[in-house]
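Enquirer: Okay, sequence plus prediction incoming.
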Amino acid sequence: MASRAPTSKQFLGIALAVIGLGLEYWAYKLSGSLTSQLSTAITGSDTDEVIMYYIGGAISFVVGIFLLSRK
């Protein structure tokens, strides 16, 4: 049995999943910054920048996994 070579769709899926994880980590690090902590203390919620990174990372990761799971 010969193994199939990865397709460009699979490479794109891997890239999107890795980018998604990176954005999630970046958002986590940003949420610990002094500016974000002050904003959270005053408003009770994260800054818009942190939330956008979390959302972008989640979407990128889900799309990447979806592309990897499709044949």
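Expert: Now that the structure is in, tell me what you want to look at.
Enquirer: Next, M52: secondary structure please.
Expert: Put simply, M52 is helix when judged by DSSP: H, G, I helix; E, B strand; the rest coil.
Enquirer: What of F61?
Expert: Counting by three-state DSSP, the backbone at F61 sits in helix.
Enquirer: any idea which helix or strand carries the residue nearest to it when sequence neighbours are not counted?
Expert: Leaving out its chain neighbours, the residue that sits closest to F61 by CB to CB, 6 or more residues apart in numbering is G20, at 2.9 Å. In this view, the C-beta of every residue, glycine as well, is placed from N, C-alpha and C. For G20, the host element (DSSP states H and E) is helix 8-31.
Enquirer: Extract the C-alpha set from that helix and format it as CSV.
Expert: The C-alpha trace of helix 8-31 is given here as CSV (Å, rounded to 0.1, in the frame of the first residue of the first chain):
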residue,chain,number,x,y,z
SER,A,8,-2.4,21.5,-0.5
LYS,A,9,-5.7,21.5,1.4
GLN,A,10,-4.1,19.5,4.2
PHE,A,11,-1.1,21.8,4.3
LEU,A,12,-3.5,24.8,4.5
GLY,A,13,-5.4,23.0,7.3
ILE,A,14,-2.3,22.5,9.3
ALA,A,15,-1.2,26.1,8.8
LEU,A,16,-4.6,27.4,9.9
ALA,A,17,-4.6,25.2,13.0
VAL,A,18,-1.2,26.3,14.0
ILE,A,19,-2.0,30.0,13.3
GLY,A,20,-5.2,29.6,15.4
LEU,A,21,-3.2,28.1,18.3
GLY,A,22,-0.7,30.9,18.0
LEU,A,23,-3.4,33.6,18.1
GLU,A,24,-5.0,32.0,21.1
TYR,A,25,-1.6,32.0,22.9
TRP,A,26,-1.1,35.6,21.9
ALA,A,27,-4.5,36.6,23.2
TYR,A,28,-3.7,34.8,26.5
LYS,A,29,-0.4,36.7,26.8
LEU,A,30,-2.1,40.0,26.0
SER,A,31,-4.8,39.4,28.6
